[in-house]
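> Show me the folded form of this:
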Amino acid sequence: MRAVDPDNEQGRLAALQSLEILDTSPEQIFDDVALLAAHICEVPIALVSFVDAERQWFKSRVGLDVSETSRDDSFCAHAILQEEVMVVPDTHDDERFAANPLVTGDPMIRFYAGAPLITDDGMALGTICVIDRVPRRLSDEQNAALTSLARLATAQLARRRSANALQESEARFAAFMDNLSAVAYMKDPDGRYVYANRTLRARFDGADVVGLLDSEWLPPTAAAEVRVIDARVRETGAPVTSIELVATPDGEQREWLTLKFPFPSAGSVYVGGISFDITEQRRSEERLRSIIAEAKDAFISFDLRGAITEWNAAAERIFGLPREDALGRSLEETIVPPDLRDAYRTAIRRVASGEEPWDESAVERTALRSDGTVVPVEITIWRTEQEPERVNAFVRDITERTRARDELRASREALADFIESAHDLIQSVGPDGAVLEANAAWREALGYSVDEVA
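Next comes the predicted model:
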């Protein structure tokens, strides 16, 4: 008779599978448990059995050659339905087992006692069981001993589960660290590497640095600088961020932004570290600084409080204020004319709060020089996702453009006045012959008003 499934069968099977114990090789601890059970209970057969979905599998066995049997015939499938030891003194007298193939045939079971292996979360995964070919009973001492052995086996399963969880955690950690673009490592109290991720190995020609000191694989100068920072981490017990210069195997000097942190372990302090190669970023920053420094337009940066954080040579020239005097000053008080300051404050507040987006189109305004005079300028303002708290602006002096525009406007107005006051009849016509404009002499001679011509 097949036993009914426990109420928590799906969770129980999942817990059993998570242990990864089925179909594994013998282990001394479980063999010892089975041997002790057979000896204490004075029986020829003892098993450490796990009840799978359709079979019972024996992790350890004494006095039995087979490694598994069908769950349909399993005594242990009945035993896991209760918390205490299940004892069957004589299978011939128990209707559940009298016709069982394991009773009527090999191994000719007449007596069975099984203590369930129940995890802390209530999952009965199997049993430690004892079997005899003749009817019998367990003494109270044997029953208690079998229960104790079940607890011992269950404790071993808990350790196995913890070990599996740790192994999975370590595998996830290794996968995460190996896919970082940064190099990551850990050193023991003597400074020897105990861990290095795949990125470090790849950046340094596959070097296996585990077990090595810095001096055994880094250039002397770099190794000495690294040791100084490591010592500071151990002495202060606090993280340290620094810039380290370490050459790659091809001799190229690279700049690394490094965060190192203490990692206490067994009374000692290990040092962990993550280093980002910022060489190309620094080179890009240098190129940008060079471009900004040489730009003909003023480049100004300021934070959302309005404090100036960058002020190039062109800004010095346009506004008449040295860079060292400009940095940290309020942008509003430095270049915004008094009559525009209310509008400036409102705009900054609305943009900073997200009420309005940044308008990155060029606009023409007047700006204040250090001597109190104003200058017409064209301003383009933008922010980047990388530095959302920083606002950048290119400011172009458009004095000449404004002067030329004013002169052109004045010339057009003078020409219009000349044509209007001329004694000759003057008109302009479109492609279709329609009169577009006509001067006073033309209108008077032909009898038209200004509105009629327009």
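> Which parts of the stretch 1-150 of the chain are helices?
9-19, 28-41, 76-79, 101-104, 140-178 (DSSP state H, counting those that start in this stretch).
> same check, this time on the stretch 251-400 of the chain
With DSSP H, counting those that start in this stretch, the ranges of helices along the stretch 251-400 of the chain come out as 279-294, 313-319, 323-326, 331-335, 341-352, 399-421.
> Any idea which of these gets closest to Pro376?
If you check each of the helices of the stretch 251-400 of the chain against Pro376 by CB to CB, helix 399-421 wins as the nearest, at 4.5 Å. Where C-beta positions appear, they are placed from N, C-alpha and C, glycine not excepted.
> Give the buried residues for that closest one.
The neighbour-count check on helix 399-421 (16 or more other CB atoms under 10 Å) flags 402, 419 as buried.
> That one - what's its average pLDDT?
Helix 399-421 shows a mean pLDDT of 88.
> CA atoms of it as PDB?
Listed next in PDB are the C-alpha coordinates belonging to helix 399-421 (Å, rounded to 0.1, in the frame of the first residue of the first chain):
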ATOM      1  CA  THR A 399      29.100  93.300 -29.400                       C
ATOM      2  CA  GLU A 400      30.300  93.400 -33.000                       C
ATOM      3  CA  ARG A 401      27.300  91.400 -34.200                       C
ATOM      4  CA  THR A 402      24.900  93.800 -32.300                       C
ATOM      5  CA  ARG A 403      26.800  96.800 -33.700                       C
ATOM      6  CA  ALA A 404      26.600  95.500 -37.200                       C
ATOM      7  CA  ARG A 405      22.900  94.700 -36.800                       C
ATOM      8  CA  ASP A 406      22.200  98.200 -35.500                       C
ATOM      9  CA  GLU A 407      24.200  99.800 -38.300                       C
ATOM     10  CA  LEU A 408      22.300  97.700 -40.900                       C
ATOM     11  CA  ARG A 409      19.000  98.700 -39.300                       C
ATOM     12  CA  ALA A 410      20.000 102.400 -39.300                       C
ATOM     13  CA  SER A 411      21.100 102.200 -43.000                       C
ATOM     14  CA  ARG A 412      17.700 100.600 -43.900                       C
ATOM     15  CA  GLU A 413      15.900 103.300 -42.000                       C
ATOM     16  CA  ALA A 414      18.000 106.100 -43.700                       C
ATOM     17  CA  LEU A 415      17.300 104.600 -47.100                       C
ATOM     18  CA  ALA A 416      13.600 104.400 -46.400                       C
ATOM     19  CA  ASP A 417      13.600 108.100 -45.300                       C
ATOM     20  CA  PHE A 418      15.400 109.100 -48.500                       C
ATOM     21  CA  ILE A 419      13.000 107.300 -50.700                       C
ATOM     22  CA  GLU A 420      10.000 108.600 -48.900                       C
ATOM     23  CA  SER A 421      11.200 112.200 -49.200                       C
END
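> Please enumerate residues in contact with it?
Outside helix 399-421, the residues within contact range by CB atoms under 8 Å, 6 or more residues apart in numbering are 375-376, 378, 426, 439-440.
> Looking at those, which one is closest to Ala144?
Ala144 lies nearest to Glu378 out of those, by CB to CB, at 93.4 Å.
> thinking Asn392 is in contact with Ser301, fair?
Yes. Using CB atoms under 8 Å, Asn392 is in contact with Ser301, at 5.1 Å.
> so what sits against both of these two?
The contact lists of Asn392 and Ser301 share Glu310, where a contact means CB under 8 Å, 6+ apart.
> For ChimeraX, write a command that selects the buried ones of the contacts of helix 399-421.
Buried residues among the contacts of helix 399-421 (16+ other CB under 10 Å), as a ChimeraX selection:
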select :375,376,378,439
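> Would you format the contacts of helix 399-421 as JSON lines with pLDDT and distance to Ile335 included?
Output for the contacts of helix 399-421, formatted as JSON lines (pLDDT from 0 to 100; distance: CB to CB, whole Å):
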{"residue": "Val375", "pLDDT": "92", "distance to Ile335": "9"}
{"residue": "Pro376", "pLDDT": "92", "distance to Ile335": "13"}
{"residue": "Glu378", "pLDDT": "92", "distance to Ile335": "13"}
{"residue": "Ile426", "pLDDT": "85", "distance to Ile335": "47"}
{"residue": "Asn439", "pLDDT": "86", "distance to Ile335": "46"}
{"residue": "Ala440", "pLDDT": "87", "distance to Ile335": "47"}
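> Can you give me the separation between the one residue sitting closest to the centre of the chain and Gly122?
The residue lying closest to the centre of the chain (CA atoms, centre = their mean) is Phe176, at 8.9 Å. Here Phe176 is placed at a distance of 33 Å from Gly122 (CB to CB, to the nearest Å).
> name the helices or strands packed onto the strand ranked longest in the chain?
Across the chain, the longest stretch assigned as strand under DSSP state E is strand 253-265. Other elements packing on strand 253-265 under the criterion 3 or more CB pairs under 8 Å, 6 or more residues apart in numbering; DSSP states H and E are helix 220-236, strand 240-247, strand 268-277, helix 279-294.
> try 6 Å this time
For strand 253-265, the packing partners by 3 or more CB pairs under 6 Å, 6 or more residues apart in numbering; DSSP states H and E come out as strand 240-247, strand 268-277, helix 279-294.
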